[in-house]
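Return atomic coordinates for the entry below.
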Amino acid sequence: MKRLIAPALVMSLLALAGCTNNSTYSGDVYRGDQAGTAQSVSYGTIQSVRPVQIQGGNGESVLGSLGGAVIGGLLGNQVGGGSGRTIATAAGALGGTVAGSKIQQATDRVDGYELEIRQDSGQNVVVVQKADRNWQVGQRVKLVASGSSVSVAPY
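Next up is the predicted model:
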């Protein structure tokens, strides 16, 4: 029974990591506070498209660290006996914390594009958003702005 706990925890952690919501980085998704509010629109032409990575969250999510610590501690607890088991459990928990944090950061990462757009007003702006469509240099776009939030949509 003890040997089934660790694989079950690993599967649970991976399932939770897959629940990360990264659709908010799309130009096709609006936040709830943007619905029903007036937003400004401008038009422009894409000058450059550069692939980037968008790191979700603030990089300090405890889910990965905590899950990794639990799994690492359980795995370490199955090694040795007495004080050796205690040391292995602590080392497993520490190693699991680091590994879980790195896994969480990797699952929070989203492919995106940095779009440099020359607005019809003559001003250049850069907008980063999820890579969920194929943007082309020279393509006409509209920029929808609400406060400091701007999204790019085909025109």
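
residues in contact with stretch 136-155?
With contacts defined as Cβ atoms under 8 Å, 6 or more residues apart in numbering, stretch 136-155 is touched by 27-28, 31, 34, 37, 39-49, 115, 117, 119, 125, 127, 129, 133, 135. (C-beta placed from N, C-alpha, C; glycine too.)

how about a cut-off of 6 Å?
With contacts defined as Cβ atoms under 6 Å, 6 or more residues apart in numbering, stretch 136-155 is touched by 27, 34, 39, 40, 41, 42, 43, 45, 46, 115, 127.

and what of stretch 39-54?
25, 109-110, 112-120, 135, 137, 139-140, 142-146.

Are any of these buried, and if so which?
Burial by neighbour count, 16 or more other Cβ atoms under 10 Å: within those this picks out 25, 110, 112, 113, 115, 116, 117, 135, 139, 143, 144.

Now intersect the residues you listed with the strands, please.
110, 112, 113, 115, 116, 117, 143, 144 (DSSP state E).

Look up how far residue 148 lies from the fourth one.
When distances are taken as Cβ to Cβ, to the nearest Å, residue 115 and residue 148 turn out to be 16 Å apart.

What of residue 70?
Residue 70 is 38 Å from residue 148, by Cβ to Cβ.

Same question for residue 99.
35 Å.

how is the chain carved up into domains?
1-19+57-107, 38-56+110-155 (automatic domain parsing).

got CSV for those domains, with mean pLDDT too?
Compiled in CSV, these are given as follows (pLDDT from 0 to 100):
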stretch, mean pLDDT
domain 1-19+57-107, 65
domain 38-56+110-155, 92
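
Tell me which stretches of the protein form helices.
Using DSSP state H, the helices found in the chain span residues 2-17, 62-77, 83-107.

Okay, buried residues for the top strand by length along the chain please.
Secondary structure of the chain per DSSP E: the longest strand is strand 40-55. Residues of strand 40-55 classed as buried by neighbour count (16+ other Cβ under 10 Å): 42, 44, 46, 49, 54.

just those now: which is nearest residue 92?
Checking the buried residues of strand 40-55 against residue 92 with Cβ to Cβ, the nearest one is residue 54 at 32.2 Å.
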